[in-house]
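Participant: no sequence for this one, just the structure:
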Ligand code: AHG
Ligand code: MN
Ligand code: MN
Ligand code: MN
């Protein structure tokens, strides 16, 4: 690099955490999550060389065929989180049961995570990601922990985040206690450090750069309001963009504006995406950025996603999120149908 002057005052994740959280245990936890993201980023980058493409041979509890990298990234996150000493309960997409951390290593926090999001894109080198939601235990001073500590509404989340393993590895964090809101960090591979790049990220209001994002291959099973809304987006000249990795599709939606939809349909009454480690953290980040996260019509009413209470750790919900203008358009189709 010829000119490093712009880099002289860079803020790495460690310093940012120390300056922005007074909670030491949470700082340690977030540093460990950052480390696990870096380890997963490295594993994805080396996958072709290290023979890490392909299936692991097992099926997880939501019916997905596990890839080798699903299993490896799960192990990376579980190990980093248990060893942080800050966690009591862990929920991973790749584990049937919640992990209750043994008392000698336990702390105040509970983390639900999707260690590698976008499994179908792993083997063709398209962007994948990690998604996580951090809760504080219901009774932080109690030694007892259970699934009940994490089967709670999205409004109880303390930190939501995702890491995208794309052309650059990028970490996006949203602390409920931080007034600024959504923060972006980029991994500098030569330093091995996440460097803070943007604060108070806001989603465009919608209708500007017009993008809708959904798996239209499922449209034969959609309900009329979703079909009507997508037809209207097309009539208004929207472009279709769908990576098929939620992290990448939501990241683009936050930065460019537009709407991301994974609805319930005739075949899946709850949709595909999982509440605790896909729907909730993304809805919290989008809402904090000024967008809307809804389920559409679900269980008899149109709901704000963060108000759901998941019935089980791998529970699913429909996802409609993005710029206010675009999400409101979809929700108006539900109201018109009533
Ligand atoms: P995961 O790879 O963690 O199981 O998640 C897959 C999810 C999400 O990443 C993506 O948005 C969606 O599944 C894609 O589903 P379709 O292939 O049905 O479009
Ligand atoms: Mn999966
Ligand atoms: Mn996922
Ligand atoms: Mn996954």
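Facilitator: Now that the structure is in, tell me what you want to look at. These numbers were taken from a predicted model, which means no experiment stands behind them. Ligands and ions are numbered 1, 2, ... in the order given.
Participant: where does the closest residue to ligand 2 within the chain fall, phi/psi-wise?
Facilitator: Across the chain, no residue is closer to ligand 2 than residue 64, which sits at 3.4 Å (CB to the ion). (C-beta placed from N, C-alpha, C; glycine too.) Comment: the main-chain dihedrals of residue 64 come out as phi -80, psi 140, following degrees, to the nearest 10.
Participant: for ligand 3, see how far away it is.
Facilitator: Using CB to the ion, to the nearest Å, one gets 9 Å for the distance from residue 64 to ligand 3.
Participant: now do the same contact list for that residue.
Facilitator: By CB atoms under 8 Å, 6 or more residues apart in numbering, the residues touching residue 64 are 70, 93, 119.
Participant: give me the low-pLDDT residue ranges for this protein?
Facilitator: Low-confidence segments of the chain, defined by pLDDT under 70: 1-7, 338.
Participant: is the residue sitting nearest the centre point of it in a helix, a strand, or coil?
Facilitator: Computing the C-alpha centroid of the chain and ranking residues by CA atoms, centre = their mean puts residue 131 first, at 3.4 Å. Put simply, residue 131 is strand when judged by DSSP: H, G, I helix; E, B strand; the rest coil.
Participant: mind starting the numbering at 247 from now?
Facilitator: Got it, the first residue is 247 from now on, which makes the last one we talked about residue 377.
Participant: against ligand 4, how distant is it?
Facilitator: Distance from residue 377 to ligand 4, by CB to the ion: 8 Å.
Participant: so residue 276 belongs to a helix, correct?
Facilitator: Yes: counting by three-state DSSP, residue 276 falls inside a helix.
Participant: that one: neighbour count?
Facilitator: With neighbours defined by other CB atoms under 10 Å, the count for residue 276 comes to 27.
Participant: and if you look at the one 10 residues further on?
Facilitator: As a burial measure, residue 286 scores 25 neighbours (other CB under 10 Å).
Participant: tell me who's in contact with it.
Facilitator: Listed by CB under 8 Å, 6+ apart, the contact set of residue 286 reads 319, 322-323, 361-362, 376, 409, 411.
Participant: also residue 429?
Facilitator: Applying CB under 8 Å, 6+ apart to residue 429 gives the contacts 262, 418-421, 442, 444-447.
Participant: which among these count as buried?
Facilitator: 262, 418-421, 442, 447 (16 or more other CB atoms under 10 Å).
Participant: tell me which stretches of this structure form helices.
Facilitator: Assigned helices in the chain, in chain order: 259-266, 270-296, 314-329, 470-481, 492-502, 526-534, 570-583 (criterion: DSSP state H).
Participant: can you list the residues of the stretch 347-496 of the chain near ligand 1?
Facilitator: Counting by CB under 6 Å from any ligand atom, the positions of the stretch 347-496 of the chain adjacent to ligand 1 are 360, 363-366, 461, 490-492, 495.
Participant: sitting in strands, which of those do you find?
Facilitator: Secondary structure from DSSP state E places 360, 363 of those in strands.
Participant: ok, so of the residues of the stretch 347-496 of the chain next to ligand 1, who is nearest residue 484?
Facilitator: The nearest member of those to residue 484, counting by CB to CB, is residue 495 at 14.3 Å.
Participant: can I get the buried ones among the contacts of residue 429 in TSV with distance to ligand 2?
Facilitator: Converted to TSV, the buried ones among the contacts of residue 429 look like this (distance: CB to the ion, whole Å):
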residue	distance to ligand 2
262	30
418	20
419	23
420	23
421	27
442	30
447	27
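Participant: look at the residue of the stretch 247-396 of the chain found nearest ligand 1 and say how many residues are nearby.
Facilitator: Distance from ligand 1 to each residue of the stretch 247-396 of the chain (CB to the nearest ligand atom) is smallest for residue 365, at 3.5 Å. Here the number of neighbours of residue 365 (other CB under 10 Å) works out to 20.
Participant: got the contact list for residue 508?
Facilitator: 460-461, 492, 517-519, 564-565.
Participant: could you redo the last one with a cut-off of 10 Å?
Facilitator: Neighbouring residues of residue 508 by CB atoms under 10 Å, 6 or more residues apart in numbering: 459-461, 464, 492, 495, 514, 517-519, 524-525, 562-567.
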